[in-house]
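K.L.:
Sharing a model prediction with you, sequence too.
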Amino acid sequence: MKLMPSRPNVEAKAAPARQTGAAMITIDRVSQVFRTSGRREHLAISDISLTIEDGAFVSILGPSGCGKSTLLYIVGGFVSPTEGVARVKGKAIRGPGPDRGPVFQEFALFPWKSVLGNVMYGPRQQGVKSGEAEAQSRALIEKVGLKGFEHFYPKELSGGMKQRVALARTLAYHPAVLLMDEPFGALDAHTRTRLQNDLLKIWERDRKTVLFVTHSVEEAVFLSDRVVVMTRAPGRIKQIVEIDLPRPRRRSELLLDPRYQKYVVDIEGMIDDTSEDELRP
Amino acid sequence: MTVIRAFVSRSAPLMACLGLLAIWQVAALMLKTDSFPGAWEAIKAIPSILGDQESLINILASIRRMAIGFSVAVLVSIPLGLMMGRSRAVASFFNPLLMITYPVPKAALMPIILLWLGVGDIAKMLVIFLGVSLPVIYHSFQGAKAIEEKMLWSGAAMGLSAAQRMIRIVLPAALPEILTGCRTGLVLALITMVTSEMIARQSGAGNILFNALDMGQYDTVYAMIIIIGAMGIGLDAAFERLRARLVRWSEPGFEIPLSFA
Amino acid sequence: MNSRAVTTDILLGIVPIALMIALWQALVSFGYAPPALLPPPGLVFTRLAQQLFTTTYQQEIAATLFRLFAGFSIAVLLGVSIGLAAAASPAINAVVRPIVRVLAPLPKVALYPALLLLLGFNHQSKIMLVAADALFPILLSTYYGASMVEQKLIWSAMAAGTPRRQILFKVVLPAAVPSILTGCRIGLVISCIVVFLAEMITSTDGLGHVLVTAARTFQAVDMFVPLITISLLGLILNGLLEGLRNYLLRGFPEV
């Protein structure tokens, strides 16, 4: 089964010129081995190569434990790969940096800082003057829909609001790449939908490169330009599916679109194939 | 490689002991005063203390009182702590009382208790009992409070009565925390014992220590410090072994390396 | 928790204390305990109230408090820095860990004679004993809190451009504050206890010394007064620390 871009793009005009061409992230034959406590070695991901162009929204999809988050951590520079090399703008990744901003499922907000304090953290760290950082941060907080909550502490917010703060905190230091690690995984279905819509709106406005890890097929198809389907551990790339749906996307239209439905069904089929492996001892 | 590493990590506390003794020896050689003999002289004085029948009997009597005081305290404190953890009323009944007794040094009650009960084993055991109780109650309380409510619901659904749930669910689930309390309690028992003997000055390890100080037998002072210190370290290590065995199922939430340095 | 439940809690909590005082009074009133051994509670509390307003007694309290604070501050300073360093550096950890394992269960009070011989019978030996006793709970909980900091918090800060050497102070330390304060609370109570005991063993002033003097002259009333004072001091200091905790942890979820 191939879902490569052979399909003609009927609504080409809807997609504003994407800054394709320039590779933002290149992952070159990366493998990751973890040593568990019992001196056993666990191959999390194996021999992955992938290129993500500037401005692309790419999702990594796979069963839990397939190492999809590990791949994201490698790009983030939080974990260094056992083999192979990951590059951002052609430079080998040696550690975390403000050009790649993570958004975690666990939010990872600083509990000792207010909403404003969390969002201002990055700009302040970049040396932006406090007044200016505050103005920028307030604008961002408004952009993610949290105006009026500037002085709340994370514990006083719902899960969805926390994730909005986490997104704003990352956007605040203008990373070239957003690394989203199952960002909506801990949220209820309704909040999840709203945040997907809002993320899409924000993304379609400034078109950052996004690497988005998820286990929801619908979410991946709805948001992405391209979906990378991984196999069960050790994670390998099973298939790459170009999602050739017009932008800007609207949920109400998309859910009725037979092409969207076909993508979902096809990709679910691939995932189903992989989960058969799970039953093998 | 792993064998060597295991050996190093197992012998590390021993190495630390030797290292500390070595530092002591060097410091003593540098200071050169009568009141600060080296580690070696102190160690040499140990056999004569333990060889002396009277002091040996004294020390053993101390240990016996400590063991009884500790055991009784644990037997009373665990049920009390668990009940406080499971019932808000019981907790609010006892909490203020415990809070006002917490900062009172238990060994300081020694003069008053001696006044009431006279010089005897009961008074000394009572002080140890008081010293041990609070941490054991506190940790049992915390352990019982932190239990996942749904675990108890599952138990109730399986037909366990309240008392059965207490013994078969709450007690084992709170065990790691209870044993942490017992470990603190054990060291406290020793501390209370030594301190109350220092204050009462009748018999026991603490008394030997201060008598030697008064008489200027500095070797004996330092030898007693080593003996008492070794008792503390030995008791703690033995209890830690027992604890690790009893709660093998509980996750060791400790040895997680942080990767930023 | 509504206010009625809180009121019930407070009432329930007063019951055992009231019962204890009632029992105490009853023992004296019905002649089970001679007043020489167990003075009536009224007498003890009047005496306490009188004493609190005399300069001599205030000086005793001041001496105790000075030693307590000096020792406790040293313990906090050392405990937090060693604990953080051990959590941050595997090399330091490898050295500190076994030493702490050996020294933590050692009954520090046994070191007191050595401290007396080395530092003299003055403030220093008592302060050092307090510091030695309060150090380990603070050190251990700092280490524990610092090594439990959520990895993703650190990653988030690193991605925002925090240099590695700043992570310790910008993320690990603030994230470990709840745990550090728990350690400080234990350390503070231990300080109260130890300073009192040290003063009982050898001293010429302080609350512990007041108790010993009373015991030598069989003044039962005066034996109770310093004990109640140290209990009150402990409660007040604990309350102050609690206030500080509430202020510092205003962002943290309830624990």
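P.N.:
That came through, no problem.

K.L.:
From the chain's centroid, how far away is stretch B:106-113?
P.N.:
19 Å (Cα atoms, centre = their mean, to the nearest Å).

K.L.:
what about the spatially most central residue of chain A, is that helix, strand or coil?
P.N.:
When Cα atoms, centre = their mean is applied to chain A, the residue found nearest the centroid is residue A:212 (1.9 Å). Assigned by DSSP: H, G, I helix; E, B strand; the rest coil, the conformation of residue A:212 is strand.

K.L.:
what's it in contact with, if anything?
P.N.:
Going by Cβ atoms under 8 Å, 6 or more residues apart in numbering or on different chains, residue A:212 touches A:57-60, A:178, A:180, A:183, A:220, A:223-224. For glycine as for every other residue, the C-beta is placed from the backbone atoms N, C-alpha and C.

K.L.:
Let me know the closest of the residues you listed to chain C.
P.N.:
residue A:178 (10.6 Å; Cβ to the nearest Cβ).

K.L.:
Tell me the secondary structure at the closest one.
P.N.:
strand.

K.L.:
before we move on, what about residue A:102?
P.N.:
strand.

K.L.:
Check residue A:240 too.
P.N.:
Residue A:240 - assigned by three-state DSSP - is strand.

K.L.:
does it have beta-bridge partners, and which?
P.N.:
Beta bridges link residue A:240 to residue A:228, judged by DSSP bridges.

K.L.:
most surrounded residue in the contacts of residue A:212?
P.N.:
Among those, residue A:60 has the most neighbours (other Cβ atoms under 10 Å in any protein chain shown), with 29 neighbours.

K.L.:
does it really touch residue A:73, like I thought?
P.N.:
No: because the distance of 11.8 Å does not satisfy Cβ atoms under 8 Å, residue A:60 is recorded as not touching residue A:73.

K.L.:
Number of residues surrounding the residue of the stretch 101-250 of chain A found nearest chain B?
P.N.:
With Cβ to the nearest Cβ as the measure, residue A:108 is the residue of the stretch 101-250 of chain A nearest to chain B, at 13.9 Å. The tally of other residues near residue A:108 (other Cβ under 10 Å) stands at 23.

K.L.:
so who does it touch?
P.N.:
By Cβ under 8 Å, 6+ apart, the neighbours of residue A:108 are A:166, C:150, C:152-153, C:155-156.

K.L.:
ok, the nearest residue to it once chain neighbours are set aside - contacts?
P.N.:
Among residues not flanking residue A:108 along the chain, residue C:152 sits closest, at 3.9 Å (Cβ to Cβ, 6 or more residues apart in numbering or on different chains). With contact taken as Cβ under 8 Å, 6+ apart, residue C:152 is in contact with A:102, A:104, A:106, A:108.

K.L.:
just those now: which is nearest residue C:23?
P.N.:
residue A:106 (52.9 Å; Cβ to Cβ).

K.L.:
pretty sure that closest one is touching residue C:151, no?
P.N.:
No: using Cβ under 8 Å as the test, residue A:106 is too far from residue C:151 to be in contact (9.7 Å).

K.L.:
Tell me the residues that contact both of these two, please.
P.N.:
With Cβ under 8 Å, 6+ apart, residue A:106 and residue C:151 have no common neighbours.

K.L.:
Helices of chain B, start to end?
P.N.:
B:2-31, B:39-51, B:53-86, B:88-101, B:110-117, B:121-145, B:149-157, B:162-165, B:171-200, B:205-214, B:218-246 (DSSP state H).

K.L.:
same question, chain C
P.N.:
Using DSSP H, helices in chain C cover C:3-29, C:41-52, C:55-88, C:90-103, C:112-119, C:123-147, C:151-159, C:164-167, C:173-201, C:207-216, C:220-248.

K.L.:
Roughly how far does the residue nearest to the centre of chain A sit from residue A:141?
P.N.:
Residue A:212 is 22 Å from residue A:141, where distance means Cβ to Cβ, to the nearest Å.

K.L.:
Lowest average pLDDT across the helices of chain C?
P.N.:
The minimum mean pLDDT among the helices of chain C belongs to helix C:3-29 (a mean of 81).

K.L.:
Give me the angle between that one and helix C:41-52.
P.N.:
100 degrees (axes from the mean of the first three to the mean of the last three Cα atoms, to 10 degrees).

K.L.:
and helix C:3-29, does that touch chain B?
P.N.:
Yes: Helix C:3-29 lies within reach of chain B by Cβ under 8 Å from any Cβ of the partner chain, at C:8-10, C:12-17, C:20.
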